[in-house]
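Chemist: The following block contains a protein sequence and its predicted model.
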There are 2 protein chains.
Amino acid sequence: MPEFLELANPNEALRTFLEAIHGSPRAERVRTEDTLDRVLLRDVVAPSPLPPFPRTTVDGYAVRASDTFGASPGMPGYLKVVGEILMGTVPELEVGEGQAVVIHTGGMLPSGADAVVMIEDTQAVDDTEIEVLKPVADGQNVLHEGEDVQPGDVVIQAGTRIRAQEIGGLLALGFGEVEVAEVPRVAILSTGDEVVPPSEEPAPGQVRDINSYTLSALVERAGGRPVRYGIIPDNAEALETIAKQAHSEHHMLLITAGSSVSERDITADVIAELGEPGILVHGIALRPGKPTILSLCDGVPVVGLPGNPVSALVVAGLFVLPAIRKLQGYRGPEWSPTISASLQTNVSSVAGREDWLPCRLIVTSDGLEAEPVFGRSNLIFTLVRADGLVRIPAASTGLDAGEEVEVRLF
Amino acid sequence: MPEFLELANPNEALRTFLEAIHGSPRAERVRTEDTLDRVLLRDVVAPSPLPPFPRTTVDGYAVRASDTFGASPGMPGYLKVVGEILMGTVPELEVGEGQAVVIHTGGMLPSGADAVVMIEDTQAVDDTEIEVLKPVADGQNVLHEGEDVQPGDVVIQAGTRIRAQEIGGLLALGFGEVEVAEVPRVAILSTGDEVVPPSEEPAPGQVRDINSYTLSALVERAGGRPVRYGIIPDNAEALETIAKQAHSEHHMLLITAGSSVSERDITADVIAELGEPGILVHGIALRPGKPTILSLCDGVPVVGLPGNPVSALVVAGLFVLPAIRKLQGYRGPEWSPTISASLQTNVSSVAGREDWLPCRLIVTSDGLEAEPVFGRSNLIFTLVRADGLVRIPAASTGLDAGEEVEVRLF
C-alpha cells in the first residue's frame, strides 16, 4: 500500500512550484540605508555620471602629460608649481604648459591638466619647482567623469537583492529612498495531538513543538516575516478553520503535517480545499522530505512539510526559501554557498531518490573533511552537529570515502 | 619615499589582530526564539534525554520482535490486536506474547513491546487479528529514549552562533531563554574634506559619503550594531575629539581614513593616541587594502580603513567581520561560503601581494564561469556588478583562463 503513486523529481518539483508563483509584490518606499537584504522592484537608472568629475587616484601633481614625455632620473623634466587643489573644492587655476599643481588623492583635476604624476616620481627643487623623474601617459592616474557609471545606465536591475554595495551605489547616485518589495508574511501552523508548546513540560508521550520556531528562523533569514499560529489538533475541522483564516491573511502558508499517514492525509485534504489550482506536487523522491506537499491556492503558496524536525528544515531550505524570494520579486541567481571537502566515509544511497546528508566539516592537515552525521530525521541534534548538507544525486547509489563533495552550508 | 616600510602578510595580520582581542563579552538573557545569529555564551548541558521516551518512526503495530521471527508472506505470523496508542498519551496497556498494538508515527512505545512492524508489512485478518508478513529485529522502527541526546551531554558549545537548528534543539530541551553575547556596538567615522552626506547634492569637487552606509550594512550582517558618527573634517584635532568619544562609548571603532597620504597620517596618529597597545599592523600586502591599520586601544579594536569604497568593503570583509565575531565570543569555524567556477580570462598579479579580484558568476552550458570585473577601487559599481571575490595568493603572479577558482560570495 504505497502512500504515493508517483514521486516527483526534486528539481522538477521546485520548478513547477516556482513557475506557479507569479504576480507582482506590493511596493514599499524605504530609506536606502535600511534596505539591506530587501529586493529592488524597479530598474535603477543613473541620473548623473560617477565619478561626477575627473579625480586623481594618487597624491602628486596634476600636469599636461606631454610635458613629462621622455623624463627620467638622469634627464628629469622641470615643471613650475603654480598652486594646490584643496579637497572638495573646484580648482580655479588652470594648468598651462610647463606647469604643475599639487593634488591629493580624490581631488578634482584642474582644467588644462590631463594626467597626474605620483609624488614618488618627483623631486622638489624648491617651493615652486619640481623635477619629474618618470613620464605619465594622457589620462594616467585619473578617474574620468562617468568611468564608473554614465547617465542613463541601468545600474541595478529590478529583482536584485540589496547588499552593502548596492546601498553604497544607490547613495552615491543620490537615491535616498527606493521601492522595494513588501516583506512577505508567512503563516506557520504545527499539527499533532502529541505536540505541546515549548514552554510547557511535556507529559510522557508528548513532545515540544520546535518546527514552528525553526521554520520561523528560516523564514526570517530568507527575508520573510514569520507569523506563528501555534499547534492545531489533528482534526480536519479545526485545521481547516485555522488554515483558511491564515491563508486569507498571509502571503504564504506552511503546515507541518504531523508524521503519521492519517495526519498527512488530513493536511492534504485541507490544502486541496484552500483554492485553485491547489496541490501541484505531493510526494517527492527525496530523503528526508518524501511526504512534502507543494501547492498554490488562490495565488498563495501553501507548503505541507513533514513533521519530523530534520525533514521540515531540509525541505524548507530546498523549497520554502526560493518561494519566499520569488514572492519578493527576486530575479537574481540562486547560488547555494558551498564549501568543498573530502568525504570521510563511504555513504550508501538508494538509486532513484535524492538524498541530503548532514555533514560536519573537520579541518585536517590535508584540508577539509566532511564527516557524515548519521541520525534519523526525527533527531534535531543531528542538524545541530552538522555544518551543512551533501547532496547525493538520485542517479547515484552512494558516495565513496575520499570523494570531493560540495557541502551546502546551512 | 615608501609610505610603509614593511607590509604585513594578510593572514598574519588577521591572526595578530584577533589574538589581541580578548576578554569576555557581556551576557544578555534572551528568549530562545529571538536568538537567531546570536552567539551562545555557555555550554548547554542536556537536563533530560531526547527523545524523552521510546517512539515509533512508522505507522504500524508495536510488537515483541521475537513474535515475528521467521514470518514471511507464505508463512505469516498471527498476532492479536489488543488496542491502539493515541498520540500524546501514555500507553496503559502492555504488549504480551502474541499481541500487537496499533501505533502511529511518533507514538510512545507501550511496555512489553520492543519493535514496530510497519503497516505495509501486515495484513488484517479481522478487527482483532493481523498477519505479519516480514520479521522485525529488536528495536526496529523505534527511536530509543536518549538516542538523540543523553542527560549531561554538552549539546551546544559556548561560542556557537545560533542557527535555526540550535533554536530547535534548545526549545526541545525546554530552554526558553539562553545567555548570549551582547550585540557589539560599532562606531563608524568617515573622514574627508571632500565628503558630504548622501542626502546633500555634492558641489563640483565633492562626493557623497557612502562608506558609512556600506560599512553599517556589513557590521549589521556580522551581528554588530552600527553607530554612525558622520563625516569628520580632515583635521587632527576634530578627529581626535570625536574618535576619543566614540572609542569610550563603543565596543569597536572604524575610521575610513580618507585617501591621501596626509589624511591617512592623521588617522594613524589619532589611533596611536587612543590607548595601549595601539597600532598592531599598519600596511598589509593586499590589494585592495594596503593602507589598512589594525589596532587595539584599551581593549577596543580600532580599524583604519582605506577611503576608497571598494577597498573599505573588501578590508571590512577580511578583518572587521572576524573581529566582530570574536567580540561576541564566537569560537566556531570561519568558513567562507564559496562557489567553484572556471575563470574566464587570464589575470595577472604582482607576486608578494595578495589580490582580491571582484568576479561575476555566469551560468554557461559548461558550468559556472567567473568573469573578472575590472575597475579601480574607487568605483563602487565594480562591486555592484560582482557576485564575489577571487583570492590570488601572494606567491602567485596570476591565474590562467580556465583555471578552477573559488569565488568567495559577498
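Modeler: Yes, it's here. Numbers count the residues shown, from 1 in each chain, chains lettered A, B, ... in the order given.

Chemist: got the residues of the stretch 251-400 of chain A near chain B?
Modeler: Residues of the stretch 251-400 of chain A lying close to chain B (CB under 8 Å from any CB of the partner chain) are A:258-263, A:307, A:309, A:313, A:333, A:335-340, A:361, A:363, A:375-376, A:378-384, A:386-387. The C-beta positions use only the backbone N, C-alpha and C, and glycine is treated the same way.

Chemist: Where in chain A is the helix or strand with the lowest mean pLDDT?
Modeler: helix A:261-272 (a mean of 89; mean pLDDT, DSSP states H and E).

Chemist: Tell me how chain A divides into domains.
Modeler: Structurally, chain A divides into domains by automatic domain parsing as follows: A:10-25+A:182-327, A:27-50+A:147-181, A:55-143, A:338-409.

Chemist: Buried residues in stretch A:80-98, which are they?
Modeler: Neighbour-count burial for stretch A:80-98, counted by 16 or more other CB atoms under 10 Å in any protein chain shown, picks out A:81-83, A:85-88, A:91, A:93, A:95.

Chemist: returning to what we had before: show me what the least confident helix or strand of chain A is in contact with.
Modeler: A:3, A:191-192, A:234-236, A:239-240, A:243, A:255, A:257-258, A:278-279, A:282, A:291, A:293, A:295, A:297, A:302, A:304, A:307, B:59, B:104-105, B:119 (CB atoms under 8 Å, 6 or more residues apart in numbering or on different chains).

Chemist: Are any of those buried, and if so which?
Modeler: With neighbours counted using 16+ other CB under 10 Å, the contacts of helix A:261-272 contain these buried positions: A:191-192, A:234, A:239-240, A:243, A:255, A:257-258, A:278-279, A:282, A:291, A:293, A:295, A:297, A:302, A:304, A:307, B:59, B:104-105, B:119.

Chemist: ok, residue A:52 - contacts?
Modeler: Residue A:52 neighbours (CB under 8 Å, 6+ apart): A:145, B:202, B:204, B:207.

Chemist: ah, wrong one, I meant residue A:82
Modeler: The contact partners of residue A:82, taken as CB under 8 Å, 6+ apart, are A:93, A:95-96, A:99-101.

Chemist: any idea of the mean pLDDT for the one helix or strand it maps to?
Modeler: Assigning secondary structure by DSSP states H and E places residue A:82 in strand A:77-84. Across strand A:77-84, pLDDT averages out at 97.

Chemist: what's the following helix or strand after it?
Modeler: Scanning onward from strand A:77-84 (DSSP H and E), the first element met is strand A:99-103.

Chemist: Show me what that following strand is packed against.
Modeler: strand A:60-63, strand A:77-84 (3 or more CB pairs under 8 Å, 6 or more residues apart in numbering or on different chains; DSSP states H and E).

Chemist: Just the buried residues of the least confident helix or strand of chain A, please?
Modeler: By neighbour count with 16+ other CB under 10 Å, helix A:261-272 contains the buried residues A:261, A:263-264, A:266-268, A:270-271.

Chemist: could you show me where the strands are in the stretch 301-410 of chain A, in order?
Modeler: Listed in chain order, the strands of the stretch 301-410 of chain A (DSSP state E, counting those that start in this stretch) span A:338-343, A:347-348, A:354-364, A:367-372, A:388-392, A:398-399, A:404-409.

Chemist: isn't residue A:376 right next to residue B:142, touching?
Modeler: No. Assessed by CB atoms under 8 Å, residue A:376 is found out of contact with residue B:142, at 10.3 Å.

Chemist: ok, those two, which is more surrounded?
Modeler: More crowded of residue A:376 and residue B:142, by other CB atoms under 10 Å in any protein chain shown: residue B:142, with 23 against 14.

Chemist: which phi and psi does the more buried one have?
Modeler: In terms of degrees, to the nearest 10, the main-chain angles of residue B:142 are phi -130, psi 130.

Chemist: burial of residue A:24, as a residue count?
Modeler: 8.

Chemist: Helix, strand, or coil at it?
Modeler: Of the three states, residue A:24 takes coil under DSSP: H, G, I helix; E, B strand; the rest coil.

Chemist: excluding its backbone neighbours, what's nearest it?
Modeler: Spatially, and ignoring its direct neighbours in sequence, residue A:24 is nearest to residue A:329 (6.5 Å; CB to CB, 6 or more residues apart in numbering or on different chains).

Chemist: Remind me what the helix or strand hosting residue A:169 packs against, helices and strands.
Modeler: Assigned by DSSP H and E, residue A:169 falls within helix A:164-172. If contacts are counted by 3+ CB pairs under 8 Å, 6+ apart, helix A:164-172 sits against strand A:154-156, strand B:207-208, helix B:211-221, helix B:309-315, helix B:381-384.

Chemist: for chain A, which spans come out with low pLDDT?
Modeler: Along chain A, the parts satisfying pLDDT under 70 run over A:1-5.

Chemist: Ramachandran angles for the residue nearest the centre of chain A?
Modeler: With distances taken as CA atoms, centre = their mean, residue A:161 lies nearest the centre of chain A, 6.5 Å away. As for residue A:161, its main-chain torsions (degrees, to the nearest 10) stand at phi -80, psi 130.

Chemist: coming back round to it: for the residue nearest to residue A:24, what are its contacts?
Modeler: Contacts here follow CB under 8 Å, 6+ apart; on that basis residue A:329 touches A:24-25, A:39, A:41, A:158-159, A:181.

Chemist: That one and residue A:162, how far apart?
Modeler: 12 Å (CB to CB, to the nearest Å).

Chemist: For these two, list the residues in contact with both.
Modeler: In contact with both residue A:329 and residue A:162: residue A:39, using CB under 8 Å, 6+ apart.
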